[in-house]
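here is a sequence together with a model predicted from it:
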Amino acid sequence: ARLPYLSPEQTGRMNRRVDYRTDLYSLGVVFYELLTGEHPFHSEDPLEMIHSHIAKKPTPAHERKVELPEQVSAIVMRLLKKNAEDRYQSAFALYYTLQCVVAWVVAWQNQNLHRRSLRLTMFAFLAVMCFLVFALGIPSG
């Protein structure tokens, strides 16, 4: 795994088993970048980057992009939890949450989005969520 996408348990500095939830952390990093245009942690020093993944809490996505709905930011922040037990416990749980939020996000977009760039960002986020659903083979009905 590349250092910017490493989960805390992959650093080797924690006495934790690496399992499927590590991929959910990395997905959280990807979503964070997609929505904010920035990585959750910034450092040129590899040890500082590892420390950030283990101990630092990233700035919530909606604080970096104030136009971003807090509900969407909360999903990303849950994916970025330090302890695997605090993250979504399965891709299906994440899918269920996304399914519940998608309708709200679409309605929010129709009422509040006037800037083309943010509309495109939210569209891209929804497209990635749909890709996740199809890639993991999660049933839609």
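Alright, I've got the coordinates.

residue contacts, the residue most central in space within the chain?
Central residue check for the chain by CA atoms, centre = their mean: the C-alpha nearest the mean position is that of G28, 2.4 Å away. Counting by CB atoms under 8 Å, 6 or more residues apart in numbering, G28 touches 76-80, 87. For glycine as for every other residue, the C-beta is placed from the backbone atoms N, C-alpha and C.

on the three-state scheme, it is what?
The three-state label given to G28 by DSSP: H, G, I helix; E, B strand; the rest coil is helix.

now it: closest residue in space, sequence neighbours ignored.
L79 (2.7 Å; CB to CB, 6 or more residues apart in numbering).

just to check, the one you found is in contact with Y25?
Yes - if you go by CB atoms under 8 Å, L79 and Y25 touch, sitting 6.3 Å apart.

next, show the common contact partners of those two.
Common neighbours of L79 and Y25 (CB under 8 Å, 6+ apart) are R87.

how many other residues sit next to F31?
Applying other CB atoms under 10 Å, we find 23 residues neighbouring F31.

my guess is T11 meets I50, correct?
Yes - contact criterion CB under 8 Å: T11 and I50 qualify, at 4.9 Å.

got a list of what the residue lying closest to K81 once chain neighbours are set aside touches?
Computed as CB to CB, 6+ apart, the closest residue to K81 that is not its neighbour in sequence is R87, at 4.8 Å. Applying CB under 8 Å, 6+ apart, we find R87 in contact with 21, 24-25, 28, 78-81.

need the buried ones from these selected in PyMOL.
A single PyMOL command selects the buried members of the contacts of R87 (16 or more other CB atoms under 10 Å):
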select buried, resi 21+24+25+28+78+79+80+81
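
can you tell me which of the contacts of R87 is nearest T59?
L80 (10.7 Å; CB to CB).

how about the contacts made by the closest one?
Contacts of L80 (CB under 8 Å, 6+ apart): 25, 28-29, 32, 40, 58, 87.
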